[in-house]
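Visitor: have a look at this fold, sequence not included:
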């Protein structure tokens, strides 16, 4: 079965506010692959496990129509509230049961979501809805991040690692699938043409408050909140305090450098 998390309204709002957006280089790789394997026209892209639509909206300039789908109605509501994307629509539903005719989709994407899918059912459905030469692009990142600020980057990363260690016991086994860079799912894709690209660097500025909010958006941090709300709130407050102290600043709006590495699983349906 597919795993259902991220459904509470508060988690959806945290997700919308703090989740990171894939770098331009990731979208460039996906579009280059689609152009090479299938070519235009690019009529329909479907973003599965779309959450609050960060990745979905990146597809909008490149397709006639984009549909974001997520099992969480709260996430979909957050996505719909973002204006300015006339060719993007959202609907709630699972990745394993798609409301599209056979052979109608040019590109199926999933950003930091495919590890929650029922792999066998998803791949059968992907094979059904994709056009001949249509493509799959599953992207994500592991939870191994780095922070830099002046000369205290190592200490900041130690704080982050210690917080992660506290909440790690609350992680779903599915998080390990993401951290494996979807190795098993990649192997299960039945298409002959497939590849996995790793170590796509992403570097961005993030405020200290944003870093703490990003941590709060993790599924296993939310599970920790459900089990012990006071301890979870105290953990994040302590993280904020410790980061600020190490940086020698007082404002949570102070920006630090955040780096991560994306990966992409790409596959092309046969003719």
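Guide: Thanks, I have it. Since this is a predicted model, take the numbers as computed values, not measurements. Residues are numbered from 1 along each chain as shown.
Visitor: residue 97 belongs to a strand, doesn't it?
Guide: No. Under DSSP: H, G, I helix; E, B strand; the rest coil, residue 97 falls outside any strand and is assigned coil.
Visitor: relative to residue 121, how far out is it?
Guide: 8 Å (C-beta to C-beta, to the nearest Å). Quick note: C-beta positions are derived from backbone N, CA and C, even for glycine.
Visitor: between the two, who's got more neighbours?
Guide: Using other C-beta atoms under 10 Å as the criterion, residue 97 and residue 121 rank with residue 121 on top: 15 against 11.
Visitor: so that one sits in a helix?
Guide: Yes. Using three-state DSSP, the assignment for residue 121 is a helix.
Visitor: is residue 98 in contact with residue 129, as I believe?
Guide: Yes. Using C-beta atoms under 8 Å, residue 98 makes contact with residue 129 at a distance of 5.2 Å.
Visitor: and the helices in the stretch 1-150 of the chain?
Guide: 9-18, 24-37, 54-59, 73-80, 119-129 (DSSP state H, counting those that start in this stretch).
Visitor: and the ones you listed as TSV, adding distance to residue 233?
Guide: Output for those, formatted as TSV (distance: least, C-beta to C-beta, whole Å):
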stretch	distance to residue 233
helix 9-18	12
helix 24-37	33
helix 54-59	25
helix 73-80	21
helix 119-129	35
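Visitor: deepest of those helices, which one?
Guide: helix 54-59 (a mean of 23; mean count of other C-beta atoms under 10 Å).
Visitor: state the mean pLDDT of it.
Guide: The pLDDT scores in helix 54-59 average 96.
Visitor: check stretch 111-125 too.
Guide: On average, stretch 111-125 scores 96.
Visitor: what's next to it, contact-wise?
Guide: 1-3, 5, 19, 22, 47-51, 54-55, 95-98, 110, 138-141, 174-175, 177-178, 182, 184-185, 188-190, 265 (C-beta atoms under 8 Å, 6 or more residues apart in numbering).
Visitor: related to what we said a few turns ago, who wins for proximity to residue 152 among the helices of the stretch 1-150 of the chain?
Guide: Minimum separation from residue 152 across these (C-beta to C-beta) falls at helix 9-18, 22.1 Å.
Visitor: any idea how far the closest residue in space to residue 225 that isn't next to it in sequence is from residue 30?
Guide: In this structure, residue 225 finds its nearest non-sequential neighbour in residue 232, 4.2 Å apart by C-beta to C-beta, 6 or more residues apart in numbering. The spacing between residue 232 and residue 30, counted by C-beta to C-beta, is 35 Å.
Visitor: and for residue 262?
Guide: Counting by C-beta to C-beta, the gap from residue 262 to residue 30 is 11 Å.
Visitor: likewise residue 250?
Guide: Distance from residue 250 to residue 30, by C-beta to C-beta: 41 Å.
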